[in-house]
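S.K.: Attaching a predicted model along with its sequence, questions to come.
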Amino acid sequence: MGAAASAADKLDLDAVKALAGDKFDQAKFDELKDENGYISKEALLELARKGKDSFRTFTPATAKGGASIDPSKTAILCIEFQNEFATEGGKLNGAVASVMASTGMLDKTVDICAAARSAGAKVFHEAITFAEDASDNPNKGLGILAGCASDKLFTAGTWNAEFCEKMQPQEGDVVVIGKKGLDGFPDTDLEEKLIENQIETLALAGFLTNCCVESTMRTAYEKGYNVITLSDCCAATSQEGHDGATKGTFGMFSRTLLAEEFKAELSK
């Protein structure tokens with residue numbers, strides 16, 4: 001039963017239904033209304049917004065950016081720790097090996113994931129895969145996705161597309177399904193699983209620093225998450241590209257931390 005609202009504060013229910021369309025949640029309305037059958041304008045509008053297929057996860061009033069870290073509401077999203085990148089013999093390993101070595105990102109990610117699990121945070125894993133003929137590649141004629149198609153990268157069902165040995169999902173971890181593009185959200189179950197696990201703080205690690213990590217970071221920021229990027233748990237195809245992101249654009253859309261700094265905050 002919701003808090004009482006005056007008749008003057010009542011918003012026309014038909015107008016709210018029109019805003020929400022067939023997504024209007026009548027059961028939620030019934031739960032929130034007071035003994036007089038009213039709920040506030042604010043609550044009615046919230047029902048309408050959330051009834052729609054809204055891009056944003058959090059409203060302006062509930063956005064989590066800048067919040068303190070609560071491990072029970074925190075996840076590390078490990079992006080594309082697959083053999084194609086992370087293991088010798090992967091088609092892209094040679095391109096990222098020098099930056100991986102400069103940051104020690106693989107071992108640091110293994111360590112921070114273990115610390116997160118111990119603290120009660122979640123570890124998410126997200127791979128990218130394509131059909132051998134690239135028929136599911138969302139933009140195979142342009143840019144980096146064109147390279148994925150022409151070089152047959154991350155082919156589903158192959159060793160190259162599997163998670164690398166050091167970053168195999170553990171019991172209790174969450175595996176995100178459906179990634180085909182650069183951003184970890186579109187056409188995947190990432191947001192569904194974040195909501196299901198009541199995640200508010202999302203820390204990012206993986207490949208490539210200035211591509212899939214940054215793309216996912218920007219969207220998570222727009223959705224209202226408290227976004228953290230672990231700069232020494234990422235790698236790009238050049239040190240210049242890595243530094244340009246971690247020392248430049250990352251700070252516009254996230255809080256940039258080293259793995260040890262994040263570990264310290266998890267244990268507070």
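M.R.: Here it is on my side, so go on. Numbering: from 1, shown residues only.
S.K.: So the residue lying closest to Lys263 once chain neighbours are set aside versus Phe262, what's the distance?
M.R.: Once flanking residues are discounted, Lys263 sits nearest to Ala115: 4.8 Å by CB to CB, 6 or more residues apart in numbering. For the C-beta atoms, the positions are set from N, CA and C on the backbone; glycine is no exception. Using CB to CB, to the nearest Å, Ala115 is found at 8 Å from Phe262.
S.K.: got it, and Phe55?
M.R.: In terms of CB to CB, Phe55 sits 27 Å off from Phe262.
S.K.: The two - which one has more neighbours?
M.R.: Phe262 (26 against 10; other CB atoms under 10 Å).
S.K.: tell me what the helix or strand encompassing that one is packed against?
M.R.: For Phe262, the enclosing helix or strand under DSSP states H and E is helix 259-266. Applying 3 or more CB pairs under 8 Å, 6 or more residues apart in numbering; DSSP states H and E, we find helix 259-266 packed against helix 105-119, strand 226-235.
S.K.: between that helix and helix 105-119, how many degrees?
M.R.: 10 degrees (axes from the mean of the first three to the mean of the last three CA atoms, to 10 degrees).
S.K.: what residues does helix 259-266 touch?
M.R.: The contact list for helix 259-266 (CB atoms under 8 Å, 6 or more residues apart in numbering) reads 69, 71, 74, 108-109, 111-112, 115-116, 119, 121, 203, 228, 230, 232-233, 257.
S.K.: The same query, at a cut-off of 6 Å, please.
M.R.: Ile69, Pro71, Lys108, Ile112, Ala115, Ala119, Leu230, Asp232, Cys233 (CB atoms under 6 Å, 6 or more residues apart in numbering).
S.K.: on that earlier part again, can I get the helices and strands packed on helix 259-266 in a markdown table with mean neighbour count, mean pLDDT and distance to Arg218?
M.R.: As requested, these are exported to a markdown table (neighbours: other CB atoms under 10 Å; pLDDT from 0 to 100; distance: least, CB to CB, whole Å):
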| stretch | mean neighbour count | mean pLDDT | distance to Arg218 |
| --- | --- | --- | --- |
| helix 105-119 | 19 | 98 | 20 |
| strand 226-235 | 26 | 98 | 9 |
